[in-house]
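In: sequence and predicted model, in that order:
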Amino acid sequence: MIPVEILVIGGGPAGLCAAVQAAEMGSKVLIVDRNNTLGGQLVKQTHMFFGSEKQYASTRGFDIANILLDKIDKMKNVEIMRKATVLAIYEDGVVSLEHKDKYIKIKPKAIVVATGASEKNLAFPNNDLPGIYGAGAVQTLMNEYGVKPGNRVLMIGAGNIGLIVSYQLIQAGVRVEAIVEAAPTIGGYLVHASKVRRMGVPILTGYSIKEAYGTDSLESAAIWKLDENWRGIPGTEKKLNVDVICISVGLSPLSELLWQAGCQMKYIHELGGFVPVRDTNLHSSVKGLFVAGDVAGVEEASSAMVEGYIAGMSAAAYLGYKLYNMKLVKEDLMNQLDSLRHGPVGEKIRRGISNLTIEHEAAASVDAL
């Protein structure tokens, strides 16, 4: 049994920021991640971030990951366990994991779960043909391994991820034949949509994929217009000669460990599915277990980083560590989240979160210290 003060599960943007904040307050932190390279989604994001200077605006995602990892490398009270898969969180707070073919038990005093999210799939005929990917998989191929997924792409989904990956495909010399979006309006930022439109890529709203065609791999695809009930309209089909279909229809929080730990969960459509209820310090219904990032509700990476700082500070405060200006820091972080959650998309996020907040009776509140 390995004793740990704060265990951070997940080394993406939320987990790294949680570790930085908790360590800066003096606590000892162990980061566990199933990958060899930490940074999560940041390592394959080549675009420059929005937000403010505090969220590394105008900095590319992989550079942000390096900035955070450089900070952690200088901290003597942070340990990283790479290529380690967390298997369970038990009722007594013990966490088990697999690392280098060994079964290990860890006993943390506090846990920050920052496991992120997984890509949603889409059901249509022949959706298992080689050449059909999630948008994240395409980003991994191109931006981590330098591999073009194909030559002609149909993008399904006009949210930020779909638009950004489309632009990255164009930069890699891949032709994007079209972006189709089932909703009547584009879901991503218009600045991203304008970039791909200027490159000559049509964005068809109110459309979705009907069927994929091919023998050994994808050869073409049919799209069609949807009616007000989201059903395909016969006679509106368009056939596209593509060798790649890229699916970007949203993310689902990777919340299995939270269910296993006994966290109170609630289905919130605006946040991507089942997410944990929590207080304003991101303390879940399970004493000593905090959450941050997409596992707490799918948002942008900038919001995940800010939540990571809040969860890290809250976990450290739960163990008795303090900052002389803790209330001011917490207030600034909350203001950052409010700023990031402005606009129509942010309104949905705020509405979803309003249905989740609880008063946590067991934990010491950051506001009370």
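Out: Everything's here; your move.
In: wait, isn't residue 239 in contact with residue 220?
Out: Yes: Residue 239 lies in contact with residue 220 (CB atoms under 8 Å); the separation is 5.9 Å. Backbone N, C-alpha and C define where each C-beta goes, glycine included.
In: ok, these two, which is more surrounded?
Out: When residue 239 is set against residue 220 and neighbours are counted by other CB atoms under 10 Å, the residue ahead is residue 220, at 16 against 12.
In: for residue 128, see how far away that one is.
Out: In this view, residue 220 and residue 128 are 16 Å apart by CB to CB, to the nearest Å.
In: what do you get for residue 118?
Out: Here residue 118 is placed at a distance of 17 Å from residue 128 (CB to CB).
In: what about the closest residue to residue 203 other than its chain neighbours, neighbour count?
Out: Nearest-residue entry for residue 203: residue 179, 4.7 Å, with adjacent residues in sequence omitted and distances by CB to CB, 6 or more residues apart in numbering. Other residues near residue 179 number 28, with proximity taken as other CB under 10 Å.
In: give me phi/psi at residue 179?
Out: Phi and psi for residue 179, reported as degrees, to the nearest 10, are phi -120, psi 120.
In: show me which of residue 118 and residue 128 is the more surrounded one.
Out: Per other CB under 10 Å, whichever of residue 118 and residue 128 has more neighbours is residue 118, with 14 against 7.
In: confirm that one sits in a strand?
Out: Yes: looking at residue 118 with DSSP: H, G, I helix; E, B strand; the rest coil, it is inside a strand.
In: touching, residue 155 and residue 246? I think so.
Out: Yes: distance between residue 155 and residue 246: 4.9 Å, which falls inside the contact criterion (CB under 8 Å).
In: joint contacts of those two?
Out: Between them, residue 155 and residue 246 share these contacting residues under CB atoms under 8 Å, 6 or more residues apart in numbering: 135, 162, 165, 166, 169.
In: any idea how far residue 180 is from the first one?
Out: Residue 135 sits 13 Å away from residue 180, taking CB to CB as the criterion.
In: mind listing the shared neighbours of these two?
Out: 155, 157.
In: what packs against the helix or strand containing residue 88?
Out: Taking DSSP states H and E as the criterion, residue 88 maps to strand 84-89. Secondary structure elements in contact with strand 84-89, counted by 3 or more CB pairs under 8 Å, 6 or more residues apart in numbering; DSSP states H and E, are strand 95-99, strand 102-113, helix 256-261.
In: mind redoing it with 6 Å?
Out: Counting by 3 or more CB pairs under 6 Å, 6 or more residues apart in numbering; DSSP states H and E, the packing neighbours recorded for strand 84-89 are strand 95-99, helix 256-261.
In: how about the strands in the stretch 251-369 of the chain?
Out: Using DSSP state E, counting those that start in this stretch, the strands assigned to the stretch 251-369 of the chain run over residues 251-253, 265-268, 273-276, 289-291.
In: make TSV out of the ones you listed and add distance to residue 226 and mean pLDDT.
Out: Listed next are the strands of the stretch 251-369 of the chain as TSV, based on distance: least, CB to CB, whole Å; pLDDT from 0 to 100:
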stretch	distance to residue 226	mean pLDDT
strand 251-253	22	94
strand 265-268	24	95
strand 273-276	23	95
strand 289-291	35	98
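In: what's the most buried one of those?
Out: Stretch with highest mean neighbour count among these: strand 289-291 (a mean of 30; mean count of other CB atoms under 10 Å).
In: quick one: that one to chain centroid distance?
Out: Counting by CA atoms, centre = their mean, to the nearest Å, strand 289-291 is centred 16 Å from the centre of its parent chain.
In: what does that strand contact?
Out: By CB atoms under 6 Å, 6 or more residues apart in numbering, the surrounding residues in contact with strand 289-291 are 111, 112, 113, 261, 276, 278, 282, 283, 284, 311, 314, 315.
In: now do 7 Å
Out: 110-113, 261, 263, 276, 278, 282-284, 311, 314-315 (CB atoms under 7 Å, 6 or more residues apart in numbering).
In: much appreciated, bye for now.
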